[in-house]
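Asks: need a structure here:
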Amino acid sequence: MIKQNLNELNYFVIVARTGSFTRAAAQLGVTQSALSQAIRSLEANLDIRLLTRTTRSVSPTLAGERLLNAIGHRFDDIENELEALTELRDKPAGTVKITCGDFIIQNTLLPKLANVLKQYPDINIEFNVNYGYTDIVAQRIDAGVRLGETIDKDMIAVPIGKELNMAAVASPEYFTKHQKPNTPKDLTAHNCINIRFPTHGGLYAWEFEKEGEELNVNVRGQLIFNTSHHIVEAALQGLGIAFLPEEEFGEHIKNGNLIKVLADWCPAFPGYYLYYPSRRQPSPAFKIVLEALKQQ
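Replies: Numbers count the residues shown, from 1 in each chain. This is a model prediction of the structure:
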């Protein structure tokens, strides 16, 4: 009975954190019907409803929230300690989950982690490509990668790359038909290719700075994306001005396929950081990944 209750409690924690029976069942490797039956059994034994179910989502009730806060971190502690036992093995093992954007995988993470994967065949790395602000604690993800200035203060943040510069660019074709902007305010008269952040749904206000003066510009244009790769492609096709970290444009600026403007309004800023919860005990596999990414 104790084992059954522990399984049901663990199932409850996963469902409450993911907000979905479908995602929870996939994570646990069980059927949705078995998961639903386990939750009903737990609620019957406790004689209280723990989850509010709708056709679109699942959320904890007041009692469920109290139970989640009381036991959720204890299951995390058990999992972390089990992972820590790999220190007693000859070779570190386990899966390290990292949430980040597409470009940083190609540009930084894979190059730095290639040797780790070759040297430690029992270490697995799972990338979760997500441009929103993922709650890595609730989603049971080991770490995330973001620009340093956007990371929550309660996270440990480690720089994994150099400083960056933003760049406003467009193709030569575009600038044959439109005058180059001299100040960020001139962008309001241009066709700008923008990005919508998944978390809050708002469009990005382009951020500029010159000699201590900060200026945010709400641009407009025909194209909006939620990933950066397509923004680069659209700029190359002459469809407007794009604004991203300069390194995302790769060799296109050097070879003349894209022309940079407003460079004096784009100073260097802290680059990408790996962040992870301060209270979580890192596994041996995570420590190896962290050390590899810290190398400049």
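Asks: now do the phi/psi pair for Ile123.
Replies: In terms of degrees, to the nearest 10, the main-chain angles of Ile123 are phi -90, psi 130.
Asks: and stretch 254-262, end to end?
Replies: Using C-alpha to C-alpha, to the nearest Å, the end-to-end distance of stretch 254-262 comes to 16 Å.
Asks: where along the stretch 151-296 of the chain do the strands fall?
Replies: For the stretch 151-296 of the chain, the strands defined by DSSP state E, counting those that start in this stretch cover 155-159, 164-170, 192-195, 206-210, 213-217, 224-225, 241-245, 259-261, 268-269, 272-277.
Asks: any chance of a markdown table for these, columns mean pLDDT?
Replies: As requested, the strands of the stretch 151-296 of the chain are arranged in a markdown table below (pLDDT from 0 to 100):
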| stretch | mean pLDDT |
| --- | --- |
| strand 155-159 | 90 |
| strand 164-170 | 95 |
| strand 192-195 | 95 |
| strand 206-210 | 94 |
| strand 213-217 | 93 |
| strand 224-225 | 94 |
| strand 241-245 | 96 |
| strand 259-261 | 97 |
| strand 268-269 | 86 |
| strand 272-277 | 91 |
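Asks: can I get these in TSV including distance to Gly72?
Replies: From N, CA and C alone the C-beta is placed, and that goes for glycine too. Converted to TSV, the strands of the stretch 151-296 of the chain look like this (distance: least, C-beta to C-beta, whole Å):
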stretch	distance to Gly72
strand 155-159	18
strand 164-170	36
strand 192-195	33
strand 206-210	36
strand 213-217	38
strand 224-225	35
strand 241-245	36
strand 259-261	48
strand 268-269	36
strand 272-277	13
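Asks: wait, which of those strands is closest to Arg74?
Replies: Among the strands of the stretch 151-296 of the chain, strand 272-277 comes nearest to Arg74, with 15.2 Å by C-beta to C-beta.
Asks: re the thing from before, of the strands of the stretch 151-296 of the chain, which stretch is the most buried?
Replies: Counting by mean count of other C-beta atoms under 10 Å, strand 241-245 has the highest mean neighbour count of the strands of the stretch 151-296 of the chain, with a mean of 24.
Asks: and the strands of the stretch 151-296 of the chain: which comes nearest Arg140?
Replies: Closest approach to Arg140 among the strands of the stretch 151-296 of the chain (C-beta to C-beta): strand 272-277, 10.7 Å.
Asks: nearest to Gly29, out of the strands of the stretch 151-296 of the chain?
Replies: strand 272-277 (24.5 Å).
Asks: hang on, the earlier thing: to Asp76, which of the strands of the stretch 151-296 of the chain lies closest?
Replies: The closest of those to Asp76 is strand 272-277. By C-beta to C-beta, the value is 9.2 Å.
Asks: so what's Pro121 closest to, chain neighbours aside?
Replies: In space, and not counting its chain neighbours, Pro121 is closest to Lys91: 7.7 Å by C-beta to C-beta, 6 or more residues apart in numbering.
Asks: ok, and what's touching the helix or strand bottoming out on mean pLDDT in the chain?
Replies: Lowest by mean pLDDT, DSSP states H and E among the helices and strands of the chain is helix 2-18, with a mean of 83. For helix 2-18, contacts defined as C-beta atoms under 8 Å, 6 or more residues apart in numbering pick out 21, 24, 27-28, 30, 35, 38-39, 41-42, 45, 50-51, 58-60, 64, 67-68, 71-72, 75, 138-140.
Asks: what does stretch 223-230 give?
Replies: With C-beta under 8 Å, 6+ apart, stretch 223-230 has contacts from 101-103, 131, 193-198, 203, 231, 234, 239-240, 244, 248.
Asks: what does stretch 180-189 give?
Replies: Residues from elsewhere that reach stretch 180-189 (C-beta under 8 Å, 6+ apart): 168, 190, 206, 208, 215, 217-220, 241, 259, 261-262, 265.
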